[in-house]
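Visitor: just need the structure, nothing else, for what follows:
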Amino acid sequence: MISQIHIINQKYRTERSADIAAACDITANSISVVYYDLELKRRYARTALVGTAVTALNADKELARLLITSMSEYNIGASVIKSVGVAAPVHIESVLDGELSADALHLPPETEIFFVPYISAGISGRFTASLLTLPDGECVAADIGQSLCIARKSTDGIVCAAFPLTGAFDGSGIESGMPAENGAIDAVRREDDGSIVYEVVGDGDSIGVSPCGAAMAVNVMRGTGSVDSDGIMTDRDLFYIGEDFFVSQSDVRAIQSDKARCRAAFEVFPRTERAFLSGEPFATETGLRTMLELGALPELFRGAGFCRNSAEQGIIMYIESAETRKKAVDIVHNARDITEELVEEFDNCYFDNLSF
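Guide: Residues are numbered from 1 along each chain as shown. Predicted structure coming up:
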């Protein structure tokens, strides 16, 4: 993971009302805040913090600092923020829920603070938020990040499971890894003349490698024989992307392990024809294709719906509607976590899928 802290600001609109909500998505290595206009029903701006480990001990301070910095950037006064919604890993959210207040965020005392509820100790409010965005009808949904959370929605209700990953697909397990924010290398390919070219989110200077970019680099190495079927780099120690960034042997191992874990999870979990995928590897359609080519996804998912971050939209929906908040509570109370029932079969499938 990149070790230098970066704050990325993006303003979508020039006009806004005086009723703004802040949707805060917290992961183990990033925090994003989407400013949503409650009156005009649209996103106004977004700020992301990357390059630092977010823990239960520092999440409140990092979130408060990010809110202050970004509100100043967009000239949003504290009185304009009517509500704050938060979704985070369980160990972070359980602490924030007891300690975070409007005063701690330097907001007026009447500001409402919402926490998207989590399903189980392994399935956080981030995944609950993702499930809120699903259409009606039977489907499978998965979010790939620090862990792979997966759910099947049917007339019988929701069953779900969570499987730990090593950080290849959220950027924390890649030496120069970062989320697919502005500055991240998100596409790598080999031209006909053998040269390696890459693309950067936002078309600016590169500051790290996204999970999608790292996976594409491994795919290039597989195509040239620079990585064998056991995941060993055969002709070099580092695969350089430009002059400043590279994919290392440890990065290849992380991607190899996580692609096997993802494939194993999808093989042991109940399937249905319609699927929706969320996570850093799905920032682009090329990312989806790369995950299929690596073997991280079954061929059934070639036509899946996908997006980079469904949790942010789910948090916005949770803030905006009391009906959606009730729906979230119903999901949490009625969803059944079947992880323990699948662990043994998952372990066997993991070893079967390690080879490239």
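Visitor: going forward, measure contacts and count neighbours with C-alpha atoms only.
Guide: Will do.
Visitor: can you tell me how far the residue nearest the centre of the chain sits from residue 161?
Guide: Nearest to the mean C-alpha position of the chain, by Cα atoms, centre = their mean, lies residue 279 at 4.0 Å. From residue 279 across to residue 161, the span is 16 Å (Cα to Cα, to the nearest Å).
Visitor: my guess is residue 219 meets residue 290, correct?
Guide: Yes. Using Cα atoms under 8 Å, residue 219 makes contact with residue 290 at a distance of 7.3 Å.
Visitor: what number of residues are in the vicinity of residue 71?
Guide: By other Cα atoms under 10 Å, 18 other residues sit near residue 71.
Visitor: local confidence estimate at it?
Guide: Per-residue pLDDT puts residue 71 at 98.
Visitor: same question for the one 5 residues further on.
Guide: Confidence per residue is given as pLDDT, and for residue 76 that number is 98.
Visitor: that one falls within a helix, correct?
Guide: No. Residue 76: not assigned to a helix; according to DSSP: H, G, I helix; E, B strand; the rest coil it is coil.
Visitor: residues contacting residue 50?
Guide: 5-7, 29-31, 178-179 (Cα atoms under 8 Å, 6 or more residues apart in numbering).
Visitor: contact partners for residue 100?
Guide: residue 60.
Visitor: and it, how far is that from residue 61?
Guide: 10 Å.
Visitor: for residue 218, same thing?
Guide: Taking Cα to Cα, one finds residue 218 at 37 Å from residue 61.
Visitor: who's more crowded, the two?
Guide: Counted by other Cα under 10 Å, residue 218 and residue 61 do not tie: residue 218 has more neighbours, with 25 against 14.
Visitor: which helix or which strand is home to residue 53?
Guide: Following DSSP states H and E, there is no helix or strand that holds residue 53.
Visitor: cool, and the one 4 residues further on?
Guide: Element membership of residue 57 [criterion: DSSP H and E] is none; it lies in no helix or strand.
Visitor: tell me how many other residues crowd it.
Guide: Residues lying near residue 57 (other Cα under 10 Å) number 11.
Visitor: for residue 97, see how far away the closest residue to residue 95 other than its chain neighbours is.
Guide: Nearest residue to residue 95 in three dimensions, chain neighbours excluded: residue 56, at 6.3 Å (Cα to Cα, 6 or more residues apart in numbering). From residue 56 across to residue 97, the span is 11 Å (Cα to Cα).
Visitor: how about residue 71?
Guide: As judged by Cα to Cα, residue 71 and residue 97 stand 22 Å apart.
Visitor: and if you look at residue 333?
Guide: 18 Å.
Visitor: that older thread, who wins for neighbours among the contacts of residue 50?
Guide: residue 179 (32 neighbours).
Visitor: show me the contacts for it.
Guide: Contacts of residue 179 by Cα under 8 Å, 6+ apart are 30, 50, 170-171, 209-211, 280.
Visitor: filter those down to just the ones in helices.
Guide: Judged by DSSP state H, helices contain the following of the contacts of residue 179: residue 211.
Visitor: show only the entries of the contacts of residue 50 found in strands.
Guide: 6-7, 30-31 (DSSP state E).
Visitor: mind listing the helices for the stretch 151-300 of the chain?
Guide: For the stretch 151-300 of the chain, the helices defined by DSSP state H, counting those that start in this stretch occupy 211-224, 249-268, 285-294.
Visitor: how close does residue 114 sit to residue 23?
Guide: 9 Å.
Visitor: give me the common contacts of these two.
Guide: With Cα under 8 Å, 6+ apart, residue 114 and residue 23 have common neighbours 84-86, 319.
Visitor: if you rank those by neighbours, which is first?
Guide: Highest count within the shared contacts of residue 114 and residue 23 by other Cα under 10 Å belongs to residue 86, 27 neighbours.
Visitor: using the three-state scheme, assign that one.
Guide: strand.
Visitor: can you give me the neighbour number for residue 275?
Guide: Around residue 275 there are 21 residues (other Cα under 10 Å).
Visitor: identify the bridge partners of it.
Guide: Assessed by DSSP bridges, residue 275 has beta-bridge partners residue 140.
Visitor: what separation do you get for it and residue 137?
Guide: According to Cα to Cα, residue 275 stands 11 Å off from residue 137.
Visitor: how many neighbouring residues does the nearest residue to residue 270 once chain neighbours are set aside have?
Guide: Counting by Cα to Cα, 6+ apart, residue 270 lies nearest to residue 152, which is 7.0 Å off, once chain neighbours are set aside. Residue 152 has 23 neighbouring residues, counting by other Cα under 10 Å.
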